[in-house]
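K.L.:
Predicted structure and sequence below. I'll ask about it afterward.
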Amino acid sequence: MNLDPVNQLSLYGHHSEFSNFIKLYKSEKLPNKILLSGQKGIGKSTLAYHIINHILSINEDFSYDTKNFKINPDNKSFKLILNKSNPNFISIDIDDDKKSIDINQIRNLILALNKSSFNSKPRFVLIDNIELLNINSVNALLKILEEPNDNIYFILINNNKKILPTLKSRCLNYNINLNSDQSIDIINKILDKNCLNLVHEQILNHYITPGSILNLLNFAIKNDFDLKVINLKDLIKKIIMEKKYKKDQFIKQLLYSLIEIYFRNNVSIKNIRILKIQNYFLKKINNTKIFNLDDESLLMELEDVVLNG
């Protein structure tokens, strides 16, 4: 199952948000700097790709299907974006082997934007995981955002993480949300199956963004285990032992969320010792997230003290 947002031809959920953005564009009121904030896996990047395709495919063959909220795979702009060769679209995200979006990526963006446009269409810059910009990258990006950007639109994606106020203040912030029923409905439509028959309810009850569950299902298929029967503790141990979190940001975020759920399910306020252990690890996890610290020593300690203890 390919879960890359650029490949998602159908937009499940967020239809009202999509329609509002298109209305703003048609009335020439679409902000040049947009910040989409929400839980990771909720569909922010997919929403952004659909907005971009709708606008770029205007007056093209096989334009965006507004009635059904679908990208036409035969559309020229879509194919060029897919092949990373669309002159009106630039995408930036964290590289697999890096912990942050580095300054060179922003410098390359500046060079690209300084070149003359090939056509009269608007240009779009999509930056995912904006919270992973390092301080040098943020400062370089701020300089671009401060300049007039006629016919250039920036869409920044934030996974409900803390970002510099100076960056946030340059953009119009839109919160993207789904409730539990909406999330399950989206998962079922994408899978064309009932996810309640595929995933243990202990996981669904606590961790419910469509992207997280779909990535977890992909992970289970690749590693040959059944999410319907595996318990939370064994799932956490398996992810740590397999060390899949090292190369997959989604699995890393998922792992931390599952650990937090595990503590919530197993800690009693009457047991002071376990409460102290929980607070100790939750603090270390939070610091690891904020300061982008090494994960392995933390997870090895957690496995030894909590999961095997």
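P.N.:
Alright, I've got the coordinates.
K.L.:
What are the boundaries of the strands in the stretch 1-150 of the chain?
P.N.:
Remark: strands assigned in the stretch 1-150 of the chain by DSSP state E, counting those that start in this stretch are 33-37, 89-92, 123-127.
K.L.:
Would you reformat those strands as TSV and include mean pLDDT, distance to residue 58 and mean neighbour count?
P.N.:
Every residue, glycine included, has its C-beta placed from N, CA and C. Putting those into TSV (pLDDT from 0 to 100; distance: least, CB to CB, whole Å; neighbours: other CB atoms under 10 Å) gives the following:
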stretch	mean pLDDT	distance to residue 58	mean neighbour count
strand 33-37	97	19	22
strand 89-92	97	14	20
strand 123-127	97	13	22
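K.L.:
I'd like these as TSV, with distance to residue 185 appended.
P.N.:
Below are those laid out as TSV (distance: least, CB to CB, whole Å):
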stretch	distance to residue 185
strand 33-37	21
strand 89-92	28
strand 123-127	26
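K.L.:
Indicate which one of these is closest to residue 218.
P.N.:
Residue 218 lies closest, by CB to CB, to one member of those: strand 89-92, at 21.5 Å.
K.L.:
most centrally placed residue in this protein?
P.N.:
Central residue of the chain (CA atoms, centre = their mean): residue 40, 4.3 Å from the mean position.
K.L.:
I'd like to know how far the residue lying closest to that one once chain neighbours are set aside sits from residue 72.
P.N.:
Nearest residue to residue 40, sequence neighbours excluded (CB to CB, 6 or more residues apart in numbering): residue 159, at 4.1 Å. To residue 72, residue 159 is 29 Å away according to CB to CB, to the nearest Å.
K.L.:
Could you do residue 281 as well?
P.N.:
Residue 281 sits 48 Å away from residue 72, going by CB to CB.
K.L.:
Go ahead and confirm residue 168 touches residue 35.
P.N.:
Yes: applying CB atoms under 8 Å as the test, residue 168 and residue 35 come out as touching, 6.5 Å apart.
K.L.:
give me the low-pLDDT residue ranges for the stretch 101-250 of the chain?
P.N.:
Flagging of the stretch 101-250 of the chain using pLDDT under 70 yields the residue ranges 205-207.
K.L.:
can you give me the helices in it?
P.N.:
Taking DSSP state H, counting those that start in this stretch as the criterion, the stretch 101-250 of the chain contains helices spanning 103-114, 135-146, 165-168, 180-191, 201-204, 210-222, 232-242, 249-266.
K.L.:
In a markdown table, list the ones you listed along with mean neighbour count and distance to residue 20.
P.N.:
Output for those, formatted as a markdown table (neighbours: other CB atoms under 10 Å; distance: least, CB to CB, whole Å):
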| stretch | mean neighbour count | distance to residue 20 |
| --- | --- | --- |
| helix 103-114 | 14 | 27 |
| helix 135-146 | 16 | 22 |
| helix 165-168 | 14 | 20 |
| helix 180-191 | 18 | 17 |
| helix 201-204 | 16 | 30 |
| helix 210-222 | 20 | 21 |
| helix 232-242 | 17 | 38 |
| helix 249-266 | 18 | 28 |
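K.L.:
so residue 202 makes contact with residue 229?
P.N.:
No: applying CB under 8 Å, one finds residue 202 not in contact with residue 229, separated by 11.0 Å.
K.L.:
Okay, residue 139 and residue 157: tell me how far apart.
P.N.:
Distance, residue 139 to residue 157, by CB to CB: 19 Å.
K.L.:
and if you look at residue 295?
P.N.:
To residue 157, residue 295 is 22 Å away according to CB to CB.
K.L.:
quick one: which of those two has more around it?
P.N.:
Using other CB atoms under 10 Å as the criterion, residue 295 and residue 157 rank with residue 157 on top: 23 against 19.
K.L.:
Tell me which residues touch that one, please.
P.N.:
36, 44-45, 48, 126-130 (CB atoms under 8 Å, 6 or more residues apart in numbering).
K.L.:
Give the bridge partners for it, please.
P.N.:
residue 36 (DSSP bridges).
K.L.:
tell me the domain boundaries of this structure?
P.N.:
Using automatic domain parsing, the domain parsing of the chain gives 5-175, 180-307.
K.L.:
next one: the last one to chain centre, how far?
P.N.:
Counting by CA atoms, centre = their mean, to the nearest Å, domain 180-307 is centred 16 Å from the centre of its parent chain.
K.L.:
go on, the first one?
P.N.:
A distance of 13 Å separates the C-alpha centroid of domain 5-175 from that of its chain, computed with CA atoms, centre = their mean.
K.L.:
Regarding it, how distant is the last residue from the first?
P.N.:
18 Å (CA to CA, to the nearest Å).
K.L.:
same check, this time on the last one
P.N.:
Across its full length, domain 180-307 reaches 29 Å between end residues, using CA to CA.
K.L.:
So residue 37 sits against residue 167, correct?
P.N.:
No: applying CB under 8 Å as the test, residue 37 and residue 167 come out as separate, 11.9 Å apart.
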